[in-house]
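[1] Generate coordinates for the sequence data below:
(one chain, ligands or ions: 1)
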Amino acid sequence: MSIRIWANHAHIFQAHLRPNATVEELLKYIDEAGIEHAVAFAPFPGPQSEGLADRNEWLAEQLVNRPELTGFGTVDFNAKDISADVAHIAELGFKGIKIHPQYQWVAIDGEKMIEACSKAAELGLFVTFHSGVHFSPLKETAVWLFDSLSYACPTLRYSMEHVGGYCHFREALGVILNAARRREPQRVFAGLTSVFTPGGWYLSDSDICDLVNIAGEDIPMFGLDFPYNNPEYAKNAIKRILSLDISDNAKELILGGNLRRELGYA
Ligand SMILES: [Zn+2]
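    Numbering: from 1, shown residues only. The predicted structure follows:
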């Protein structure tokens, strides 16, 4: 079975901040891991964007003539006009946005988030969220709060990366299943990112099979968490997905088909 592997979730940094996280390093990484295409995230506002006039424009420049990569922007939740910041991401030609509620100190169901996500939904941008434990008050980052966001922004399409992780996996599954109540095409997806080795975000084979069997094979999406995982990790993750007791079609969808569909690629 030959599969076109597309992966979500690669963080790009300026070389002086993280020499192993540039676009050139990502291209080497995906080549080594046998991945055809990856989604590259702009740095977050703040220290990660040190020295940049505009982090999203900077990423757009980095991605010129890089057909192997799709860009996702980041939102400045301290901007005077959050909707305009989101609109700029779409103007740059990006297909989505990476939001890390804990790192960016923004409430999952708060006003600023709802403003950004309403604009993203209006513009057809896909949002990739961190979900799960990240060393901040759990009452502010409870995974079920994504359900409130889904109610506030019913047409928003998004992935919960790590699917809530080891501690909140079933809560994330609840958010996904509850979104299916609308009987429309599914809009909430499960990012299989950094879930492959024991740790806070670990998911077992049976968790991943349950996700496919309960939520559906069109829900999970493979992700890298570049540069925090090396190519060997990605290769082992791909092997693990291929070894699961699920259909070949489900494996193809997880390893690229679902991401391609949601980003509007054939
Ligand atoms: Zn991330």
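
[2] wouldn't Ile176 be in contact with Arg187 here?
    No - if you go by CB atoms under 8 Å, Ile176 and Arg187 don't touch, sitting 9.6 Å apart. Placement of C-beta: from N, CA and C, glycine included.

[3] neighbours around Asn8, how many?
    Per other CB atoms under 10 Å, the neighbour tally for Asn8 reads 30.

[4] Just the pLDDT at it, thanks.
    Per-residue pLDDT puts Asn8 at 98.

[5] for the one 10 residues further on, same thing?
    At Arg18, the pLDDT value in this model is 97.

[6] ok, and for the helix or strand hosting Phe169, which residues are buried?
    Here Phe169 sits within helix 165-179, counting by DSSP states H and E. By 16 or more other CB atoms under 10 Å, the buried positions in helix 165-179 come out as Gly165, Tyr166, His168, Phe169, Glu171, Ala172, Leu173, Gly174, Val175, Ile176, Leu177, Ala179.

[7] Repeat that for stretch 228-238.
    For stretch 228-238, burial by neighbour count (16+ other CB under 10 Å) applies to Asn229, Pro231, Tyr233, Ala234, Ala237, Ile238.

[8] Could you do stretch 4-16 as well?
    So stretch 4-16, judged by 16+ other CB under 10 Å, has buried residues Ile5, Trp6, Ala7, Asn8, His9, Ala10, His11, Ile12, Phe13, Gln14.

[9] Sheet-wise, list the partners of the helix or strand hosting the fifth one with their directions.
    Taking DSSP H and E as the criterion, the element that holds His9 is strand 6-11. When pairs are called by DSSP bridges, strand 6-11 turns out to pair with strand 37-41 (parallel), strand 220-226 (parallel).

[10] doesn't Glu68 make contact with Ile30?
    Yes - judged on CB under 8 Å, Ile30 makes contact with Glu68 at a distance of 6.6 Å.
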